[in-house]
Each structure stands twice: as C-alpha cells, then as structure tokens.
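Novice: Let me see the structure of the following:
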Amino acid sequence: MTSESPFPYSPGPVIPGAAPAPRRRSIAIAAISTLVGSAVLGLIGGLVWSALAPRVTYVVVSRGSADVTNAETPAFITGDVWYCAIAVIGGLVIGTIAYLYAIRRYGPVPMAAVLVGSFAAGYLARWVGQNLGLANFNTNLAFGKVGTVLHAPPVLGSDPGTVLWSAIALWTLSACLVCGVFITLSAFGDRNAPGRAR
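Specialist: Purely as a prediction, here's the structure:
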C-alpha cells in the first residue's frame, strides 16, 4: 500500500537568467567559431577576388609615377562587381553555416557573432585583395623604366584611400538575410506543429 508523503515537495531555489556553465561554454565556443570561420571566409574571398578581378594596366611615365593606359577602362567597375558577387556568396555561406551549427542551438549570441564576423570578413576580403601583389607593383613603379606596363591589384571603389562601406556591408546583409529566412521558416514550422499533431 502507498500513501501520500507527509513532507510537501519544495523545489530548490531558481536563479533567473543563470545558465549552466557547460551551456555558457558551448555558447562561447559557438560564437568564437562563428567569428573565426567568418574571418577565414573573408580571407578566402579576398584571394578569390584578387584572382578573378581584372587588373587595371598602367604605364610608367617617370620614376615613381604612372598613368592608366585606358582612362575609360571598365576594369574598375568590373572589379567592384566581382567583389560584390563574392560578398553575397560569402555572406550566404556564413549565415547558413552559422544558423545550422550555432544560432539554431544557442540563439542570439552567435547571431551577434554573425553580425560582427561577416562585417570583418568583408573588410578582410578588401584588405587581402587590394594588398596582394601591391608590394611588387610599388617596386616596379619605383624602379621601372619609362614605358613599362604594370598591372595593379584590384581596388574596391577605384580609390585605395576610400573604403566602400556599402560593398563591405553586403557580407553582413547577406548573412543576416539568410539567417532571418531560416529563423522565420523555423518559427512557422513550430507554430504549425500542434496542428499536425492533432
């Protein structure tokens, strides 16, 4: 025979907002992995941009000075288009991987890492693309003979002194867009789940 316990049940104290240490560690690892992965993709994007973007040709007119061989060359605009295409693809990859392996499990902290990491990826891609081969170009410009034809590395926005932030932000926009789509689809799926069960 069984009887009701004379001692009332009292749950232990609950600390609001406190997450277990292992979960906090997992969230931190997910956020750091998102940042590192975004940086790696940005570096790869810069290498791809440097390889695919057309090179503007210059001709040395005096020591340390050169002019564009064709002032109406479309290479500047084409280089920007290549960067933007790589930015969209890179952002989609960052957002998709981050959602599947981090955001879906750990929520807003990895999402914040996507915001920071994708923007950093865009800046790293610009930095790598514009600086890869720049030292060789400057050396040939400084010591090349008059009439020497040089091929410059790609420059985002046609001016190395100007940062084209709108193109860099495409990384973040694409990453956040794909995350938002996945989160919306997941919310619709959760809302329809009770109806399917019934």
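Novice: mind showing which ranges of this protein have poor pLDDT?
Specialist: 1-22, 193-198 (pLDDT under 70).
Novice: Just give me the residue closest to the centre of it.
Specialist: Of all residues in the chain, the one closest to the mean position by CA atoms, centre = their mean is residue 118, 2.7 Å from it.
Novice: Surely it and residue 38 touch.
Specialist: Yes. Judged on CB atoms under 8 Å, residue 118 makes contact with residue 38 at a distance of 5.5 Å. No exception for glycine: its C-beta is placed from N, CA and C like everyone else's.
Novice: Pull up the overlap in contacts between these two.
Specialist: Common contacts of residue 118 and residue 38 (CB atoms under 8 Å, 6 or more residues apart in numbering): 94, 175.
Novice: max-length strand in the chain?
Specialist: strand 56-62 (DSSP state E).
Novice: Please pull up the helix or strand immediately following that strand.
Specialist: strand 65-68 (DSSP states H and E).
Novice: So what touches that following strand?
Specialist: Contacts for strand 65-68 (CB under 8 Å, 6+ apart): 56, 57, 58, 59, 60, 61, 141, 150.
Novice: do the same with stretch 161-177
Specialist: With CB under 8 Å, 6+ apart as the test, stretch 161-177 has contacts from 38, 42, 80, 83-84, 87-92, 94-95, 98, 114-115, 118-119, 121-123, 125-126, 156-157.
Novice: Would you mark the buried spots in stretch 176-186?
Specialist: Residues of stretch 176-186 classed as buried by neighbour count (16 or more other CB atoms under 10 Å): 176, 178, 179, 182.
Novice: Go ahead and confirm the third one touches residue 100.
Specialist: No. Distance between residue 179 and residue 100: 10.2 Å, which falls outside the contact criterion (CB under 8 Å).
Novice: Now do residue 53 against residue 174, distance only.
Specialist: 19 Å (CB to CB, to the nearest Å).
Novice: For residue 91, give its distance to residue 192.
Specialist: 29 Å.
Novice: same check, this time on residue 96
Specialist: 23 Å.
Novice: Looking at those two now, which is surrounded by more residues?
Specialist: residue 96 (16 against 10; other CB atoms under 10 Å).
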